Structure formats: structure tokens, C-alpha cells
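Sequence and predicted model, in that order:
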Amino acid sequence: MHKNIAVLAGDGIGPEIITEAIKVLEAVAKKYHHSFTYEHALMGAVAIDETGNPLPDKTLEICKSSDAILFGAIGDPKYDNDPNAKVRPEQGLLALRKAFNLFCNVRPVTIYDSLIDSSPLKRNRIEGVDLVIYRELTGGIYFGEKKEMNDKGVASDLCTYSKEEILSVAHLAFKAAGKRKNKLTLVDKANVLASSRLWRSVVTDLHSSEYKDVELDFLFVDNAAMQMVLNPAQFDVILTGNLFGDIISDEASVIGGSIGLLASASIGDRYAMFEPIHGSFPQGKGKGIANPTATILSAAMMLDHFDMVDEANAIRDAVQKTIDNNVGTPDIYPDKNSTTSDVGSYISDIISQ
Ligand code: IPM
Ligand code: MN
């Protein structure tokens, strides 16, 4: 099969981790007789530096004509520390999610046995954790009306959700639960927020009309944040809005020992993008210490999306073996000296064997 992949390496460690994901994809292509072409395009701070725009038109065109988008990382401290910056790298990512209607962000959290003791949580709390977060990605407070009345010292962000927006992501989450442990937890703040009460009623109705076989429960987001460290093994599929999903998925990422292991897929009705959940780790840039695993596993999710399921599993197996053989960047194996590129090569060699 031939696939055309738009590659947005982005900022910070983005180019380094993307290089390793492509290395692994090439090993898959060779072994399974596929061909992948990669069209690189600018997004984020690098795009602002070169064009003044975090999401140039050329990038949109390249993404539009691709079969999928593979994305590295976004963000640069020179913008983070300047509250008056007119353009920000992150605007590029948000605009891209919106432009391609990538309304559903899927973030799986699995535990590698060999890394259980590198987790900040105790072994007995995290054994058996296997959960996935379904985060609504193109609505809510991220995209509501923003007002910055700086002269008055007042600013606001509006959180709006429609029934349609909730249904789109909820269907996918219920279907996923049906193929997993059959449990869905809606995380919201329905005791305070009107938008959360809409989530509850829409999800409850959908459950009773179409997904009765899935066990449905509800947690307020503050309690969910606590449960995520007290007893994360209770979760199967978590369904939540944009902001709560952003926060709870970073929290969930530490369970496995490193945020550098967590992949994600952002799915729309026509397009899909695959991206690690971590940021651009500017302090690590150019040092060869960034963990490429999250991006490599995101590439595996992209292959799932292409229906190349054996190929995707081959990547996941190779990642598993690599970790079991104690090969990893310093975030997971601080005493070993494996670089970003060593890890990518090790994984691709296992696939090629
Ligand atoms: C993520 C990131 C983004 C988000 C940022 C970079 C805009 O944190 O993908 O989780 O908040 O969605
Ligand atoms: Mn985030």
C-alpha cells in the first residue's frame, strides 16, 4: 500500500523524535512492502520565525492532500514567557485541529512491567492499569469567545458545548469501551458548570438508547484527578471535554513512568493526525535525550488508522521488547546512555529482523 504522510516536526525536540518515527516507519515499509512518502511542512514557532504565521497556508495544503498527519511537538519559551505576544505557536495546532475537524483525541495509557518501579506511584496502585482517554478536541473553553480587556484588568473565556459536539466524541468513546472492558466514565464538573450538565444528559440519553451494554459512571473532575493517582486501574474509557482532558491526560501520563511514552490520535470525519502528548521539551533540544517512543507509538496508531494492524502491532511489540531489554532514554533509564537515535534504531532493528 502507498500512503502519503504530512509531517509537521514543529518545535524543540520535534525534529529529533520525528526522525526516529520515520526511521521506524521505513523499517515497517520495507518489511511489509508498503511505501510511505513524507511531505514536511512548517507549524508552530518555526513557522512563525519563517513566515510570521504558526500555520501557513502551504502547511494546510500539504495536510489536505495527505492520507494522515504526523506531528512532533509545539511551543517555545520565548512565547510562553511573553503574555503580550500577538501570535503564539500553539495557535497553529489549535487552528489545525479546527480546520480538519479533529474532534476526538484518543490517549491510551498502558503500563510496561519493566517500568513499574520507575513510576512515582506504588506498584500495587498501578498494576493492571490500561485506560484510554477520549478528549473532545475542537470545542469547549479552548475555542469559546475570548475577551482580553487588559485596560480594565479583566479577561474571560467562554465554555460552550453543543449536543452535536458531545455526541460525535461520545459515540467513538462508547464504541471503544465496547471493544475493551466495557466501562465508560464521564468526567465533568456538572455540580457547577451548565456545559457539564449538558454533557451528562446527552451522554446518559445516548447510553440508554444505543450503548446499554456498556457500564456508565460519572466523576467530577476534581475527584477524577484524585482517583487517577489513588486507583487508576478502575478506569477503562474516560470521556471528557477539551480542558479536563488536557489536564487529566498529563496526570495519567506519569503513571507509566514517563510522559515520553504516551501517544495520541486526533480523529475527525475525514482527516486524522497523530501526535505524542508531550510538549516540545526545549531544554532537551539537540541533546539526544528526548524519548522518541511516544512519537513512534503515535506512528503505530497511524498505521492502525490505515488498517495496517499487523504493522502497528509490530511497532508496539518492538517498543515492548526495547523497554524490556532496558534500552531507553534517560527519562526511563537514567543509568543507561541510550540516545534518542539509539532508541529509534533499536526499535527499527527489531522490526527488520
Ligand atoms: C496537548 C497540548 C496542547 C493542548 C497545547 C500545546 C495547545 O497541551 O495536545 O495536550 O492544550 O491541547
Ligand atoms: Mn496537554
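Nice, I can see it. Ligands and ions are numbered 1, 2, ... in the order given.

Give me the buried positions along stretch 147-166.
Within stretch 147-166, the residues scored as buried using 16 or more other C-beta atoms under 10 Å are Cys159, Tyr161, Glu165, Ile166. Heads up, the C-betas are built off the backbone N, CA and C, glycines and all.

For it, what is the spacing between the initial and final residues?
This stretch, stretch 147-166, spans 25 Å end to end (C-alpha to C-alpha, to the nearest Å).

Is Arg107 in a helix, a strand, or coil?
strand (DSSP: H, G, I helix; E, B strand; the rest coil).

what's across from it in the sheet?
Ile133 (DSSP bridges).

Tell me the confidence at the most centrally placed residue in the chain?
Residue closest to the average C-alpha location in the chain (C-alpha atoms, centre = their mean): Ser264, at 3.0 Å. Among the per-residue scores, Ser264 shows a pLDDT of 97.

The spatially closest residue to it that is not a sequence neighbour and Tyr333: what is the separation?
Leaving aside its sequence neighbours, Ser264 sits nearest to Arg107 (C-beta to C-beta, 6 or more residues apart in numbering; 4.6 Å). Shown here: Arg107 relative to Tyr333, a distance of 23 Å by C-beta to C-beta, to the nearest Å.

Any residue of the strand or helix carrying Ser266 touching ligand 1?
Using DSSP states H and E, Ser266 sits within strand 263-267. No - shown here: strand 263-267 not in contact with ligand 1 (C-beta under 6 Å from any ligand atom), separated by at least 7.3 Å.

Can you pull out the residues in contact with that strand?
Outside strand 263-267, the residues within contact range by C-beta atoms under 8 Å, 6 or more residues apart in numbering are 97, 102-108, 137, 172, 249, 272-277, 294-298, 300-302, 304-305.

For Ser253, list the residues it contacts.
Val109, Ile259, Leu261, Leu262, Ile277, His278 are the contacts of Ser253 under C-beta under 8 Å, 6+ apart.

Also Ala290?
Ala290 makes contacts with Ile13, Glu16, Ile17, Gly260, Phe281, Gly284, Thr329, Thr340, as judged by C-beta under 8 Å, 6+ apart.

Okay, strands next: where are they in the stretch 251-353 of the chain?
263-267, 272-276 (DSSP state E, counting those that start in this stretch).

average pLDDT across the last one?
Regarding strand 272-276, the rounded mean pLDDT is 97.

helices or strands next to it in the packing?
strand 68-73, strand 263-267, helix 293-305 (3 or more C-beta pairs under 8 Å, 6 or more residues apart in numbering; DSSP states H and E).

How far off centre is that strand?
Relative to its parent chain, strand 272-276 has a centroid offset of 7 Å by C-alpha atoms, centre = their mean, to the nearest Å.

Could you check how far the residue of the stretch 251-353 of the chain found nearest ligand 1 is from Ser249?
Residue nearest to ligand 1 within the stretch 251-353 of the chain: Ile277 (5.7 Å; C-beta to the nearest ligand atom). Shown here: Ile277 relative to Ser249, a distance of 6 Å by C-beta to C-beta.

Now the common contact residues for the two.
By C-beta under 8 Å, 6+ apart, the residues touching both Ile277 and Ser249 are Arg107, Leu262, Ser264.

So the second one sits against Gly279, correct?
Just to be clear, that refers to Leu262. No - at 11.8 Å, Leu262 does not count as touching Gly279 under the criterion of C-beta atoms under 8 Å.

quick one: which of those two has more around it?
Leu262 (26 against 18; other C-beta atoms under 10 Å).

What helix or strand is the residue of the stretch 201-350 of the chain found nearest ligand 1 located in?
Using C-beta to the nearest ligand atom, the single residue of the stretch 201-350 of the chain nearest to ligand 1 is Asp246, 4.5 Å away. Secondary structure from DSSP H and E places Asp246 in helix 242-253.

Show me which parts of that helix are buried, residue by residue.
Asn242, Leu243, Phe244, Gly245, Asp246, Ile248, Ser249, Ala252, Ser253.

got the angle between that helix and strand 272-276?
40 degrees (axes from the mean of the first three to the mean of the last three C-alpha atoms, to 10 degrees).

Helix 242-253 to strand 263-267, inter-axis angle?
160 degrees.

between helix 242-253 and helix 293-305, what angle do the directions make?
Note on geometry: by the same axes, to 10 degrees, helix 242-253 and helix 293-305 are set 120 degrees apart in direction.

could you give the mean pLDDT of helix 242-253?
When pLDDT is averaged along helix 242-253, the result is 96.

Only the C-alpha atoms, please, for it, written as PDB.
Extracted C-alpha coordinates of helix 242-253, given in PDB (Å, rounded to 0.1, in the frame of the first residue of the first chain):
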ATOM      1  CA  ASN A 242     -11.300  19.600  26.000                       C
ATOM      2  CA  LEU A 243      -9.800  21.300  29.000                       C
ATOM      3  CA  PHE A 244     -10.400  18.500  31.500                       C
ATOM      4  CA  GLY A 245      -9.000  16.000  29.000                       C
ATOM      5  CA  ASP A 246      -5.900  18.100  28.600                       C
ATOM      6  CA  ILE A 247      -5.200  18.200  32.300                       C
ATOM      7  CA  ILE A 248      -6.200  14.600  33.200                       C
ATOM      8  CA  SER A 249      -4.100  13.100  30.400                       C
ATOM      9  CA  ASP A 250      -0.900  14.800  31.600                       C
ATOM     10  CA  GLU A 251      -1.700  13.500  35.000                       C
ATOM     11  CA  ALA A 252      -2.300  10.000  33.700                       C
ATOM     12  CA  SER A 253       0.900  10.100  31.800                       C
END
